[in-house]
Each structure stands twice: as C-alpha cells, then as structure tokens.
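Student: Build me a model from this:
(one chain, ligands or ions: 1)
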Amino acid sequence: MWSSGDTIRFRYVRDGRAFWTLPVRVAADLTTELALWIAPGTRVLRPDPPRVPVSVLAAGTWEPVGTTWFGEGVLMLRRPDTRHSLWLFWNPDGTFSRWYINLEDWWRDGEGVDAYDHLLDIWAHPDGTWEWKDEDDLAESVDAEIFTAAEAAAIRAEGERVVAEWPFPTGWEEWRPDPRWHVV
Ligand code: MG
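Tutor: Next up, the predicted model:
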C-alpha cells in the first residue's frame, strides 16, 4: 500500500511499450479504491497530440515525446476488480465539473500503476446525463484487429454497467489536493 502524498509512476502501455508515462500523487490507497492525482503542469511523456488515430495505434508507429499536462488537474479513481477508472474534472474556479469513465484494464506493481486503454470512454455529468466518447475509435479498432468483436462488446458492456450503476457522486467531488504537493 502507498501513503497519501507518495509520488508513483503511472503508465499507459501498448504493445509492450510505454504509451504515456507520468508521475502522479497518491491521494489515498484504500482497499476500496486507489485515488491518484495528476497535477496541472506535470511533465508527461506521451504522443503529441495525445489523440492518436487508430490506424497509427494499429501500426505501432507512435512515439512518446515530452509534454506538459495542460488544464486543471485530474483525480483518477481505481476500484479493484473493475475494467475502468473514474476521472474527476474541476473548473478553473475549483468547482466540480464532471466525470469521465475511462474504460481500461489497470494493474499495480511495486513502482506504480499501469493501464491499457480500451479506446471507448464516457462523459458523465452531475445532472445525470452522459454520452459515449470515441465510439468510432472502438469500431475502427475491431477492423484494425486491435480488439476482437467479442472484446469490443465486453468493453462496451463495462461502460453500460458503470452507467447503470451510476457510482456518482464518488465522495471526492469536494476534495482538493494538498497545496504542499508541488508539481513533480
Ligand atoms: Mg480511455
């Protein structure tokens, strides 16, 4: 278990390579959830622009470059035995904005957390509305043989399961990072 305030390595992996690599702060490491904070201004190694076409993913011709996390910070919640994470976004004035259901597999090792993104995501709003993001990418990924049709169906089913469960609010909406957590 990590302690609140620890800095750990977070990665997205793809084809056995690091697709994104960045340091994140552990906000909480509980048996029920792991909460990780991406601070504004964090240095990130990832393809730029970050949205990589499915054809490039399939060809494996992407290259990570040094970039800086822009916008407000993000809190990522990972709950055991799920195939997604919940991302919390805030407005520049510090008020809560909305959630992002990031469909992905994730796992932890001694040094940090790794994840494999499933391309399809969901925006979820405090008024109870939601919408798919990048459905076209998931469809293309089946044509490109990144996922089988059965895998794509399971990814979508996980999204439908989370929306039906509607795990919002998460309890973290009023949370703010410790001001002593300088950018790492
Ligand atoms: Mg995603």
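Student: Enumerate the residues of the chain near the ion.
Tutor: Residues of the chain that fall close to the ion, judged by CB under 5 Å from the ion: 102, 117, 121. Where you see a C-beta, it was placed from the backbone N, CA and C, and this is true even at glycine.
Student: show me where this structure has strands.
Tutor: For the chain, the strands identified by DSSP state E occupy 7-14, 17-29, 34-38, 43-46, 65-68, 74-78, 84-90, 96-108, 112-124, 130-133, in order along the chain.
Student: Put together JSON lines for the ones you listed, with distance to Ile155 on each row.
Tutor: As requested, the strands of the chain are exported to JSON lines (distance: least, CB to CB, whole Å):
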{"stretch": "strand 7-14", "distance to Ile155": "15"}
{"stretch": "strand 17-29", "distance to Ile155": "17"}
{"stretch": "strand 34-38", "distance to Ile155": "21"}
{"stretch": "strand 43-46", "distance to Ile155": "21"}
{"stretch": "strand 65-68", "distance to Ile155": "27"}
{"stretch": "strand 74-78", "distance to Ile155": "17"}
{"stretch": "strand 84-90", "distance to Ile155": "9"}
{"stretch": "strand 96-108", "distance to Ile155": "5"}
{"stretch": "strand 112-124", "distance to Ile155": "4"}
{"stretch": "strand 130-133", "distance to Ile155": "11"}
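Student: Mean pLDDT for those - can I get that in TSV?
Tutor: Formatted as TSV, the entries for the strands of the chain read as follows, by pLDDT from 0 to 100:
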stretch	mean pLDDT
strand 7-14	97
strand 17-29	97
strand 34-38	97
strand 43-46	97
strand 65-68	96
strand 74-78	98
strand 84-90	98
strand 96-108	97
strand 112-124	97
strand 130-133	98
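Student: Between those, which one is closest to Glu173.
Tutor: Evaluated over the strands of the chain, closeness to Glu173 peaks at strand 96-108, with 4.4 Å, by CB to CB.
Student: what angle sits between the lengthiest helix in the chain and strand 84-90?
Tutor: What stands out as the longest helix in the chain, according to DSSP state H, is helix 149-165. Between the axis of helix 149-165 and that of strand 84-90 there is an angle of 50 degrees, by axes from the mean of the first three to the mean of the last three CA atoms, to 10 degrees.
Student: Cool, thanks, signing off.
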